[in-house]
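Engineer: Below are the sequence and a predicted model for it; my questions follow.
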Amino acid sequence: MATTLTINGTTAVHDVSPATLLVDLLRDGLGLTGTHIGCDTSQCGACNVLIDGVAVKACTVLAVALDGAHVTTIEGVARGAELHPMQAAFREHHGLQCGFCTPGMVIAGLEIVRRHGSAVDESTIAHELEGNLCRCTGYRNIVTAIAAGARTMSGAGGETVDA
Amino acid sequence: MREFAYERPDSVASAAAAFAAGDRGEGGAAFIAGGHTLLPAMKSRLRQPDTLVDLAGVPGLTGVTRDGHTLWIGALTTHAVVAADPVVAAAIPGLAGMAILIGDPQVRNRGTIGGVLANNDPSADYPAALLALGGTVETDLGSYAADDFFLGMFATALGDGEIVTRVGFTVPRRSAYAKFRHPASRYAVVGVYVADTPTGVRVAVTGAGPGVVRWPEAEAALTASFTPAAAKGLVLGGDLNTDIHASAEYRAHLAGVMLARAVETAV
């Protein structure tokens, strides 16, 4: 079925079968392999993407159901070679070990700032990460990174992500 | 996931028609709202519909309104909206407190109240809230009182192709939900919703048995005294679940603990 999507700022019509999950279109159809498949059971958050600015698990949404939507994957978060403040904070604060969960964690961090603002406290961040699993158990630095990323986003004038 | 035909109607009537047309095949038709129960079930081939009718394009099925003593929530309203909506928080804070415990933030951005109720998973949270608050499920064909709606595991009074349009909750004097969550799935191992309503105290339990049930002994104890102390020591009876997560005996005791916590929050 012809499905119009704006993915990381580029609008195109994609021919997808109804049973195609968004994550499969992104990875297998478009080569955007930054969106990971961790559990495929809607639990781990490695496949988080932004749909019209809101974080969603791409393994649990049909591509055809998103006709007309704006999708932002981890590939669309940075501005060219310049990391988004949330990404820069993950690097600065060592918010990753093996890196598998990281794209989903960065998207979750953006979602946390969207809903709780840039002054969000660490206890709220820790609680809000309940839908993201890190098998390296590196949560401590992830929480620190998201808090720091949130503050920097505020300093940058509430920088958001272009959908 | 097996392939299927996808329909995206733009009205309740055309959705019902699309379901009827698609339901003739062997696999039948299914409605999809947020899809956060249905799609996992389709991936594991527990459900294999021939036709999927997406309700997301039907206008008028989202949003929260208060009409006197009734809070109405559109069937396609997400858990995230119910958890954050000021009208819900002012009318029934216990309901907002329940919604924030469903799944995780990403799941709450997609999952809907109508989808949960129509699916009636025996560990879902909304069935306990609807039953304890004595709510109403409105459909394209009529309406059901909560006491008549839930018919056991994954079974409801809804007919084939019947569409939930909105859900009404009578505003209680006070209410709260307490839930012991499975740490991975975040479904209720046991969840207890307590409501002090104009027509009496109502208590509903989810997760413990094959479907949501009212708990008459707890209702009697709380009618005598709406305090955590009155809930102390109560053990849930009936045919309860035993699985790798918890034994029936554990769930029976856990229900009493969740009951006391819910009352503590409500008072």
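Structural biologist: All right, it came through fine.
Engineer: In chain B, which residue sits nearest chain A?
Structural biologist: Of all residues in chain B, the one sitting closest to chain A is B:Asp104 (2.6 Å; C-beta to the nearest C-beta). Quick note: C-beta positions are derived from backbone N, CA and C, even for glycine.
Engineer: I figured that residue was touching A:His127, is that so?
Structural biologist: No. In this structure, B:Asp104 is not within contact of A:His127 by C-beta atoms under 8 Å, at 10.0 Å.
Engineer: Have a look at these two and say which one is more surrounded.
Structural biologist: Of the pair B:Asp104 and A:His127, B:Asp104 is the one with more neighbours under other C-beta atoms under 10 Å in any protein chain shown, namely 20 against 14.
Engineer: so who does B:Thr223 touch?
Structural biologist: B:200-201 (C-beta atoms under 8 Å, 6 or more residues apart in numbering or on different chains).
Engineer: Okay, helices next: where are they in the chain?
Structural biologist: No chain was given, so I picked chain A. Remark: helices assigned in chain A by DSSP state H are A:22-24, A:85-92, A:102-116, A:122-128, A:139-155.
Engineer: The chain in question should be chain B.
Structural biologist: B:12-22, B:38-43, B:79-84, B:86-91, B:93-99, B:105-108, B:113-119, B:126-132, B:146-149, B:216-224, B:228-231, B:248-266.
Engineer: and the stretch 151-267 of chain B, which residues reach chain A?
Structural biologist: Residues of the stretch 151-267 of chain B lying close to chain A (C-beta under 8 Å from any C-beta of the partner chain) are B:184-186.
Engineer: who wins for most neighbours among those?
Structural biologist: B:Arg186 (19 neighbours).
Engineer: what about stretch B:39-50, start to end distance?
Structural biologist: 14 Å (C-alpha to C-alpha, to the nearest Å).
Engineer: mean confidence score for it?
Structural biologist: Taken as a whole, stretch B:39-50 has a mean pLDDT of 95.
Engineer: One more: stretch B:185-194?
Structural biologist: Averaging pLDDT along stretch B:185-194 yields 95.
Engineer: again, but for stretch B:96-105
Structural biologist: Mean pLDDT, stretch B:96-105: 97.
Engineer: hey, C-alpha coordinates of it in CSV?
Structural biologist: C-alpha atoms of stretch B:96-105 as CSV (Å, rounded to 0.1, in the frame of the first residue of the first chain):
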residue,chain,number,x,y,z
ALA,B,96,-5.1,9.0,36.4
GLY,B,97,-3.0,7.2,38.9
MET,B,98,-4.0,3.9,37.4
ALA,B,99,-3.3,5.0,33.8
ILE,B,100,0.3,6.1,34.7
LEU,B,101,1.0,2.5,35.8
ILE,B,102,0.1,0.9,32.5
GLY,B,103,3.1,-0.3,30.5
ASP,B,104,5.7,2.3,30.0
PRO,B,105,5.8,5.9,28.5
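Engineer: Report the buried residues of it.
Structural biologist: B:96-99, B:101-105 (16 or more other C-beta atoms under 10 Å in any protein chain shown).
Engineer: Other residues contacting stretch A:123-141?
Structural biologist: A:38-39, A:43-46, A:48, A:57, A:93-98, A:100-101, A:104-105, A:108-109, A:111-112, A:115-116, A:142-143, A:146-147, A:150, B:103-107, B:186.
Engineer: can you do 7 Å?
Structural biologist: Contact partners of stretch A:123-141, identified using C-beta atoms under 7 Å, 6 or more residues apart in numbering or on different chains, comprise A:38, A:43-45, A:93-98, A:101, A:104-105, A:108, A:112, A:116, A:142-143, A:146-147, B:103-107.
Engineer: What of stretch B:40-50?
Structural biologist: A:40-42, A:60, B:1-2, B:4-5, B:22, B:25-30, B:38.
Engineer: what's near enough to touch the most centrally placed residue in chain A?
Structural biologist: The C-alpha lying nearest the average C-alpha coordinate of chain A belongs to A:Ile107 (C-alpha atoms, centre = their mean; 2.6 Å). When contacts are counted by C-beta under 7 Å, 6+ apart, A:Ile107 touches A:48-50, A:55, A:74.
Engineer: what's the residue closest to the geometric middle of chain B?
Structural biologist: With distances taken as C-alpha atoms, centre = their mean, B:Tyr126 lies nearest the centre of chain B, 2.3 Å away.
Engineer: Can you check the pLDDT for it?
Structural biologist: 98.
Engineer: Now do the contacts for it.
Structural biologist: Counted by C-beta under 7 Å, 6+ apart, B:Tyr126 has contacts B:113, B:116-117.
Engineer: Would you check which of those are in contact with chain A?
Structural biologist: The subset of the contacts of B:Tyr126 within reach of chain A, by C-beta under 7 Å from any C-beta of the partner chain, is empty.
Engineer: Select from those the one having the most neighbours.
Structural biologist: B:Ile113 (30 neighbours).
Engineer: now A:Glu82, which residues is it bridged with?
Structural biologist: A:Arg79 (DSSP bridges).
Engineer: Look up how far B:Leu71 lies from it.
Structural biologist: A:Glu82 is 47 Å from B:Leu71, where distance means C-beta to C-beta, to the nearest Å.
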